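A.B. asks: below is the structure, and that's it, no one-letter string:
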DNA sequence: GCAATGACTGGAG
DNA sequence: CCTCCAGCCATTG
């Protein structure tokens, strides 16, 4: 697959997410200059399980901090489990302190 | 090339 | 904070 050029951008950005932090699809999309393609970011994450190294898709949630992609994991409860394992408190399928744990790739230091 | 789909987003209620 | 509607755009059939 050579057309993973688009996905690769999303993957690299997603891998830059620090542990214990989370970000939104729109943040990644906007950072890559594809603000309108926020859906494509999630679509790319769908292929994240087919690439290497693995992408921490569990740190990527929607703008509301909701674990919208948990259903796409090997186990729907795995996503929340890993987040809590990293110190991210999750409740009702959404990050509690999302606003506080929110990580923006644009404000991230190299 | 068109139609359908989707791990989204912003605005309005 | 939650729900509904419409817009966006790449991937797939």
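C.D. replies: Yep, it's here. Values in this document were obtained by computation on a predicted structure and should not be read as measured data.

A.B. asks: verify the stated contact: residue A:88 with residue A:22.
C.D. replies: Yes: using Cβ atoms under 8 Å, residue A:88 is in contact with residue A:22, at 6.3 Å. Using the backbone N, CA and C atoms, a C-beta is placed for each residue, glycine as well.

A.B. asks: okay, strands next: where are they in chain A?
C.D. replies: In chain A, the segments counted as strands under DSSP state E are A:23-24, A:60-61, A:90-91, A:94-95.

A.B. asks: highest mean neighbour count out of these?
C.D. replies: Ranked by mean neighbour count, those are led by strand A:60-61 with a mean of 27 (mean count of other Cβ atoms under 10 Å).

A.B. asks: does that strand come close to DNA strand B?
C.D. replies: Yes: Strand A:60-61 reaches DNA strand B (Cβ under 7 Å from any atom of the strand) through residue A:60.

A.B. asks: show me which residues of chain A are close to DNA strand C?
C.D. replies: So chain A meets DNA strand C at A:3, A:6-7, A:34, A:36-40, A:43, A:64-66, A:92, A:94 (Cβ under 7 Å from any atom of the strand).

A.B. asks: list just the nearest of these to DNA strand C.
C.D. replies: Of all those, the one with the least separation from DNA strand C (Cβ to the nearest atom of the strand) is residue A:36, at 3.2 Å.

A.B. asks: got the contact list for that closest one?
C.D. replies: residue A:29 (Cβ atoms under 8 Å, 6 or more residues apart in numbering).
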